[in-house]
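> coordinates for the following, if possible.
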Amino acid sequence: MKILRSLLNAGFTCLLLVAGSAATSATSATATLSADTFSRIRETQSITIAHREASVPFSYLSANKQAIGYSVDICQKLAEAIKRELKLPQLKVNYLLVTPSSRVAAVKEGKADLECGSTTNNAARREQVAFTIPYFFASTRMVVLADSGINNWQDLKKKTVVTTKGTTSVRLLADRSKSSGLELKLIEGNDHHLSFAMVNNATADAFPMDDVLLFGLRATSGDPSRFTIVGDALSTEPYAIFMRKGDPNFKRFIDLEIARMMNDGEITRLYDKWFRSAIPPDGINLNMAMGLLLRDNIRFPSDKVAD
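Purely as a prediction, here's the structure:
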């Protein structure tokens with residue numbers, strides 16, 4: 001209780017649940033449910049999940065064009081919880097393919113009830129939609145050759161570093177180079193695969209990017225043992241499911257259900273399935289250990305994030 005009280009005093013929304021109280025908290029009386037999302041789901045007996053086409057391993061299409069991935073699995077479990085809460089055994093789960101440019105509008109306009117992709121919870125987006133407890137934290141780190149001797153950013157002094165054109169890594173690296181006197185030689189690749197190839201052929205010493213993307217590039221390189229992902233995080237991006245704003249009861253239900261999944265170990269099992277095991281369609285294994293931030297958030301679930 002001291003830990004919980006201190007977190008609340010610090011302004012955090014701590015949603016840590018014990019197994020015995022999770023079901024009671026998450027299953028409030030029907031009379032208290034939202035007159036918006038819950039009522040519409042009850043009336044139509046359907047829920048719509050927005051998903052992505054190629055955001056591996058979060059939300060992408062299988063060989064037979066079905067929505068799969070880590071965040072899709074989480075949303076499917078949320079749909080099951082809603083089905084139990086509303087006593088709708090025939091609840092239909094629909095899927096809507098969205099893009100980075102269409103995802104927010106799809107939810108705001110009521111075309112989808114939950115967006116289950118790889119979307120960062122930030123201040124600008126919170127002006128438009130409501131985010132759940134984060135289920136993943138991406139960090140900007142770097143991929144290098146395993147025998148390069150590079151372990152952290154200070155090891156890059158006067159070395160060549162490639163960044164992908166148009167990404168935030170360009171600014172982050174320029175700022176780090178200036179503040180730390182690294183005197184980096186910065187070059188750009190037109191896409192992530194070309195940037196990674198420059199490390200592979202020793203044109204560049206390092207390629208900084210969201211770590212989950214780097215683990216994916218390493219896993220599909222043909223010889224993952226040649227590469228390692230290193231460096232303290234330059235930035236952190238919390239990925240979370242989002243829904244329409246102005247529906248606090250629906251958000252509360254979803255947050256409590258995610259907190260229950262974290263407390264019961266379901267999120268950890270899903271993480272191991274998608275980040276520590278072979279995944280479809282080609283059986284690659286990202287072999288990506290769970291980060292400290294996600295481990296802490298599983299212990300003390302909160303929808304509060306630092307911008």
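> which parts of the stretch 101-250 of the chain are strands?
114-115, 129-131, 136-145, 160-164, 185-189, 207-210, 227-230, 236-239, 242-244 (DSSP state E, counting those that start in this stretch).
> which one of those strands lies closest to residue 152?
Closest to residue 152 of the strands of the stretch 101-250 of the chain is strand 227-230 (CB to CB; 6.5 Å). Backbone N, C-alpha and C define where each C-beta goes, glycine included.
> can you name every helix or strand that that closest one contacts?
strand 136-145, helix 211-219 (3 or more CB pairs under 8 Å, 6 or more residues apart in numbering; DSSP states H and E).
> nearest to residue 185, of those?
Closest to residue 185 of the helices and strands packed on strand 227-230 is strand 136-145 (CB to CB; 14.5 Å).
> output the contacting helices and strands for that closest one.
Right, strand 136-145 is packed against helix 192-200, strand 207-210, helix 211-219, strand 227-230, strand 236-239, helix 292-299 by 3+ CB pairs under 8 Å, 6+ apart.
> measure residue 130 to residue 49 for me?
Spatial separation of residue 130 from residue 49 under the definition CB to CB, to the nearest Å is 16 Å.
> with residue 233 instead?
Separation of residue 233 from residue 49 (CB to CB) stands at 30 Å.
> higher neighbour count, the two?
Between residue 233 and residue 49, counted using other CB atoms under 10 Å, residue 49 has the larger neighbour count: 23 against 15.
> list the contacts of the more buried one.
Taking CB atoms under 8 Å, 6 or more residues apart in numbering as the criterion, residue 49 is in contact with 67, 72, 75-76, 79, 93-96, 112-116.
> and it, bridged to which residues?
Residue 49 has these beta-bridge partners by DSSP bridges: residue 95, residue 114.
> tell me what angle the host helix or strand of residue 274 forms with helix 292-299.
Assigned by DSSP states H and E, residue 274 belongs to helix 266-275. Relative orientation of helix 266-275 with respect to helix 292-299: 150 degrees, computed using axes from the mean of the first three to the mean of the last three CA atoms, to 10 degrees.
> so residue 71: helix, strand or coil?
At residue 71 the chain is in helix, as set by DSSP: H, G, I helix; E, B strand; the rest coil.
> now the strands of the stretch 101-250 of the chain in JSON lines, with mean pLDDT, mean neighbour count and distance to residue 297?
Shown next, in JSON lines, are the strands of the stretch 101-250 of the chain (pLDDT from 0 to 100; neighbours: other CB atoms under 10 Å; distance: least, CB to CB, whole Å):
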{"stretch": "strand 114-115", "mean pLDDT": "98", "mean neighbour count": "25", "distance to residue 297": "19"}
{"stretch": "strand 129-131", "mean pLDDT": "97", "mean neighbour count": "21", "distance to residue 297": "13"}
{"stretch": "strand 136-145", "mean pLDDT": "96", "mean neighbour count": "23", "distance to residue 297": "7"}
{"stretch": "strand 160-164", "mean pLDDT": "93", "mean neighbour count": "23", "distance to residue 297": "28"}
{"stretch": "strand 185-189", "mean pLDDT": "93", "mean neighbour count": "15", "distance to residue 297": "32"}
{"stretch": "strand 207-210", "mean pLDDT": "93", "mean neighbour count": "25", "distance to residue 297": "18"}
{"stretch": "strand 227-230", "mean pLDDT": "97", "mean neighbour count": "19", "distance to residue 297": "21"}
{"stretch": "strand 236-239", "mean pLDDT": "93", "mean neighbour count": "20", "distance to residue 297": "8"}
{"stretch": "strand 242-244", "mean pLDDT": "97", "mean neighbour count": "22", "distance to residue 297": "17"}
